[in-house]
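Student: give me coordinates for this.
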Amino acid sequence: MSVFSQSFSPCGRFLAAGNNYGEIAVFSLSAALSPDSTALNQKPVLTFTGESSAGWRGHHRRTCWCLHLSSLEIPEINSMTINSRDNSLVVGGGDNNIHVMDLENGVFKTVLQGHSDYVHCVTVREREAEILSGGEDGAVRVWDSRTGQCVHCIEVYKYEVCARPQYGKWISCVTTDSDWMLCGGGPSLSLWHLRSLSPTSIFNLSGCQRQAAFHQDLILTVGEGAFVSHCLLGGEVKAQIPCTPQSLNTLQLNNNSTEHRVLTVGGSSDHIDVFTNLSYRAFSLRF
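Tutor: Reported below is the predicted structural model:
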């Protein structure tokens, strides 16, 4: 079993996770973090099965959740995020496009077309009203969410400092913080200045990184390897914290709650490691 997706509830008290069998589990963080917590509190409080198809595609296993919406017919959904600026859902999928749904009425209002292969990841740069997407074609595209036009296309693998031909050109993770972007996959994980559209730091990490996040003055990233890497903005790898799964797919910081502020990571096992302190694993939730 492998864990491929995680999401915290708006109140920050619950964690939902999905695996490659199409199972979705909901965990209570308040119960798991309680001083008198038992092993039972680290099990799901609710489980259900969504319609899914999972299989090896390209470079890593994908779990594809099917939305029951007749207006969206795409082979698979690889990434989703909320754009709170206009209350929309941004979906990246296997038809090489990004679909934008108006959450007020449940209608898909925009299709962003430009990638020449399937989309692995999407994120939102709310302050600039931009959507960023990374794909199998090796490109990170920057879209104006108001007009639906692609305003920049960064072919990361064409930059010598980022290129790793032995791993390929595909982009598996992209995230932003103000004027900065992190992206990686086949190419090395790299930090980019979005105003100049240039890489400023390259992170010397083995294997392909599948998810990364900004956290204060650190960059946290996971991928091939049984550890969370802590990197400095200048490119140095500060620490690598051991995890239970031998390979990691997903990393989430719970910023929705000060009481339950944790880091969770999941990957090639039924364990979801929980960090109450970034320096060590406190315990694991289990499907």
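
Student: which stretch of helix or strand covers the residue nearest in space to the middle of the chain?
Tutor: By Cα atoms, centre = their mean, the chain has its centre lying nearest to Gln211, at 5.0 Å. In this structure, Gln211 is located in strand 209-215 according to DSSP states H and E.

Student: circling back to that earlier point, was I right to think the residue nearest to the centre of the chain contacts Leu263?
Tutor: No. In this structure, Gln211 is not within contact of Leu263 by Cβ atoms under 8 Å, at 11.7 Å. Heads up, the C-betas are built off the backbone N, CA and C, glycines and all.

Student: circling back: report the beta-bridge partners for the residue nearest to the centre of the chain.
Tutor: Gln211 has these beta-bridge partners by DSSP bridges: Val222.

Student: before we move on, what about the one 4 residues further on?
Tutor: According to DSSP bridges, the residues that bridge with His215 are Leu218.

Student: tally up the residues packed near it, please.
Tutor: By other Cβ atoms under 10 Å, the residues close to His215 number 15.

Student: against Thr175, how distant is it?
Tutor: 11 Å (Cβ to Cβ, to the nearest Å).

Student: listing request: residues of the chain with sub-threshold pLDDT.
Tutor: Across the chain, the ranges flagged by pLDDT under 70 are 50-75.

Student: give me phi/psi at the residue of it most remote from its centre?
Tutor: Distance from the C-alpha centroid of the chain peaks at Asp36, with 32.0 Å (Cα atoms, centre = their mean). For Asp36, the backbone dihedrals (degrees, to the nearest 10) come out as phi -100, psi 30.

Student: now do Ser7
Tutor: Dihedral angles of Ser7 (phi, psi; degrees, to the nearest 10) stand at phi -160, psi 130.

Student: check Tyr159 too.
Tutor: Per-residue torsions, Tyr159: phi -90, psi 120 (degrees, to the nearest 10).

Student: residues in contact with it?
Tutor: Applying Cβ atoms under 8 Å, 6 or more residues apart in numbering to Tyr159 gives the contacts Pro187, Ser190, Pro199.

Student: my guess is the last one meets Trp192, correct?
Tutor: Yes. The pair formed by Pro199 and Trp192 meets the contact definition of Cβ under 8 Å, at 5.2 Å.

Student: which one's more surrounded, the two?
Tutor: Taking other Cβ under 10 Å, Pro199 and Trp192 do not tie; Trp192 has more neighbours (23 against 20).

Student: contacts only, for the more buried one.
Tutor: Ile154, Trp180, Met181, Leu182, Cys183, Ser198, Pro199, Thr200.
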